[in-house]
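Asks: next comes the sequence, and after it the predicted model I'd like to discuss.
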Amino acid sequence: MSRKLSVLIAGLLFALLPVAPALAVVPTATFSIANNATNVAIGANIVITFSQTVTAGTSGSNAVTIAPPAPGVLITIPANDAQVSISTNVVTINPTSDLTACTQYSLNVQSAAFANSGDFYLGTSTAIQFTTLASGGGACPTVVSVSSTTANGSYKAGSAIIPIQVTFSQAVTVTGVPTLELETGVTDRLATYFSGSGTLVLTFNYTISTTTNLDTSADLDYKATNSLVLAGSPAATIKNAAGDNAVLTLAAPGALNVGSLANSNNIVIDNTAPTASVATATVGSTQNAVAQSTEVGTVFLVKSTNATPITTVNQILGFTANTRTTGTAVATANTATNV
């Protein structure tokens with residue numbers, strides 16, 4: 001038989017029932033450095049304000065990490081290190097050495113770094129990205145735009161080198177051979193640094209490939225925002241007069257994005273030969289043939305007794321006049337044209 005404890009007070013009966021324990025609340029955090037900040041001083045402390053009083057984790061994944069781009073060295077600061085101080089719910093991280101000027105870092109807090117009385121802060125699910133200021137506290141050299149002095153139009157293997165200009169916000173000096181990766185179809189190609197050190201504009205040269213995977217692009221552009229790379233061993237450098245690294249982040253590729261190569265120019269890389277069809281197999285002296293081509297251009301009818309294969313217009317023009325036509329313009333692709 002079950003029993004229930006009751007209390008009689010002033011004639012009222014109260015039942016003493018068990019009280020459910022409070023649910024544990026995992027601490028949350030806000031950071032003094034905003035995601036994608038571009039104005040962080042190289043000697044700045046990192047301050048984390050938690051929703052509850054916390055203490056430092058002493059083992060396992062208990063660190064704050066600050067990662068520079070490769071080949072930089074990861075900075076790992078354990079939560080119980082002397083570089084970390086805690087005042088109730090405020091954690092201050094004071095790295096022993098200043099960060100590198102004009103460098104993009106990724107900040108992470110691991111899942112066993114800080115805890116309240118019973119639960120660990122879960123850690124940063126997504127790294128906080130930030131960029132440091134120049135060594136003097138001013139602005140860093142950044143990429144303003146990418147363009148080309150090559151005229152808009154269509155180019156193929158064998159065409160002249162295509163120079164690509166990367167314009168910076170400050171004059172920069174180059175060591176080594178940086179590269180710019182281009183989106184060119186099956187195999188992406190590199191434009192390599194050519195000239196411009198000491199100025200605002202660096203020129204990278206691109207040669208259309210003649211290998212098996214022919215280059216192709218409906219509107220030539222670089223591959224991604226991180227396509228400007230300090231290649232080589234030792235790595236190339238791009239710095240301003242004060243010796244600060246240039247920030248190499250590019251505008252998002254695409255014709256609609258201001259500052260991109262495709263937005264600045266309309267350069268087509270086309271290594272695919274046009275194809276044509278002729279509707280009339282045998283043509284008399286007073287008949288027209290009806291031709292269609294996959295591209296605009298000029299279509300010729302050539303007598304079958306001429307040498308084959310035919311690969312160039314000059315080859316056609318070298319045939320005697322009575323064994324070829326003079327050429328008919330195809331104004332619209334994939335449309336019937338009388339020849």
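Replies: Arrived safely.
Asks: give the closest residue to the residue positioned nearest the centre of the chain in space, chain neighbours not counted.
Replies: When CA atoms, centre = their mean is applied to the chain, the residue found nearest the centroid is residue 225 (2.4 Å). Of all residues not flanking residue 225 in the chain, residue 250 sits nearest, at 4.9 Å (CB to CB, 6 or more residues apart in numbering). In short, each C-beta sits where N, CA and C put it, glycine included.
Asks: hmm, the one you found is touching residue 145, no?
Replies: No. With contacts counted by CB atoms under 8 Å, residue 250 stays clear of residue 145, the gap being 9.2 Å.
Asks: so for these two, which residue has more residues nearby?
Replies: Between residue 250 and residue 145, counting by other CB atoms under 10 Å, residue 250 is the more crowded of the two (23 against 17).
Asks: which strand or helix spans that one?
Replies: Following DSSP states H and E, one finds residue 250 outside all helices and strands.
Asks: ok, the one 3 residues further on next?
Replies: In this structure, residue 253 sits in neither a helix nor a strand according to DSSP H and E.
Asks: identify the residue spatially nearest to it, adjacent ones excluded.
Replies: residue 221 (4.4 Å).
Asks: how many residues are close by the one you found?
Replies: Residue 221: 25 neighbours (other CB under 10 Å).
Asks: what does residue 179 give?
Replies: Neighbour tally, residue 179, other CB under 10 Å: 19.
Asks: so what sits opposite it in the bridge?
Replies: residue 192, residue 229 (DSSP bridges).
Asks: distance of it relative to residue 204?
Replies: 7 Å (CB to CB, to the nearest Å).
Asks: pull up the overlap in contacts between these two.
Replies: 191-193 (CB atoms under 8 Å, 6 or more residues apart in numbering).
Asks: buried members of those residues into PyMOL, please.
Replies: Selection of the buried residues among those in PyMOL, burial being defined by 16 or more other CB atoms under 10 Å:
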select buried, resi 191+193
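Asks: contact partners for the residue nearest to residue 219 when sequence neighbours are not counted?
Replies: Closest residue to residue 219 apart from its sequence neighbours, by CB to CB, 6+ apart: residue 262 at 4.5 Å. The neighbourhood of residue 262, defined by CB under 8 Å, 6+ apart, consists of 219-221, 253-255.
Asks: returning to that earlier point: in a markdown table, list the shared contacts of residue 179 and residue 204 along with distance to residue 47.
Replies: Below are the shared contacts of residue 179 and residue 204 laid out as a markdown table (distance: CB to CB, whole Å):
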| residue | distance to residue 47 |
| --- | --- |
| 191 | 42 |
| 192 | 43 |
| 193 | 40 |
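Asks: pLDDT and distance to residue 95 for the shared contacts of residue 179 and residue 204 - can I get that in TSV?
Replies: Shown next, in TSV, are the shared contacts of residue 179 and residue 204 (pLDDT from 0 to 100; distance: CB to CB, whole Å):
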residue	pLDDT	distance to residue 95
191	98	37
192	98	36
193	98	33
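Asks: which one of the shared contacts of residue 179 and residue 204 is nearest residue 169?
Replies: residue 193 (18.3 Å; CB to CB).
Asks: state the distance from the closest one to residue 242.
Replies: Applying CB to CB to residue 193 and residue 242 gives a distance of 21 Å.
Asks: repeat for residue 291
Replies: 64 Å.
Asks: just residue 222 next, same as before
Replies: On the measure of CB to CB, residue 222 and residue 242 end up 27 Å apart.
Asks: so for those two, which residue has more residues nearby?
Replies: Here residue 222 and residue 242 are compared on neighbour count by other CB under 10 Å; more neighbours surround residue 222, at 24 against 14.
Asks: ok, the more buried one - contacts?
Replies: Residue 222 neighbours (CB under 8 Å, 6+ apart): 146, 180-183, 228, 250, 253, 260-261.
Asks: rerun at 6 Å
Replies: 180, 182, 253, 261 (CB atoms under 6 Å, 6 or more residues apart in numbering).
Asks: burial count for the closest residue to residue 150 other than its chain neighbours?
Replies: Spatial nearest neighbour of residue 150, chain neighbours left out: residue 162 (4.8 Å); criterion: CB to CB, 6+ apart. Other residues near residue 162 come to 20 when the count uses other CB under 10 Å.
Asks: residue 162 bridge partners, please.
Replies: Counting by DSSP bridges, the residues bridging with residue 162 are residue 206.
Asks: before we move on, back to that, ok, of the shared contacts of residue 179 and residue 204, which one's closest to residue 137?
Replies: residue 193 (29.3 Å).
Asks: from residue 61, how far off is the closest one?
Replies: 41 Å.
Asks: and what of residue 240?
Replies: Taking CB to CB, one finds residue 240 at 38 Å from residue 61.
Asks: now do residue 191
Replies: 41 Å.
Asks: what does residue 269 give?
Replies: 47 Å.
Asks: of these two, who's got more company?
Replies: Higher neighbour count among residue 269 and residue 61: residue 269, with 25 against 15, using other CB under 10 Å.
Asks: next up, phi/psi of the closest residue to the more buried one other than its chain neighbours, please.
Replies: Nearest residue to residue 269, sequence neighbours excluded (CB to CB, 6+ apart): residue 217, at 4.2 Å. The phi/psi pair for residue 217 (degrees, to the nearest 10) reads phi -160, psi 130.
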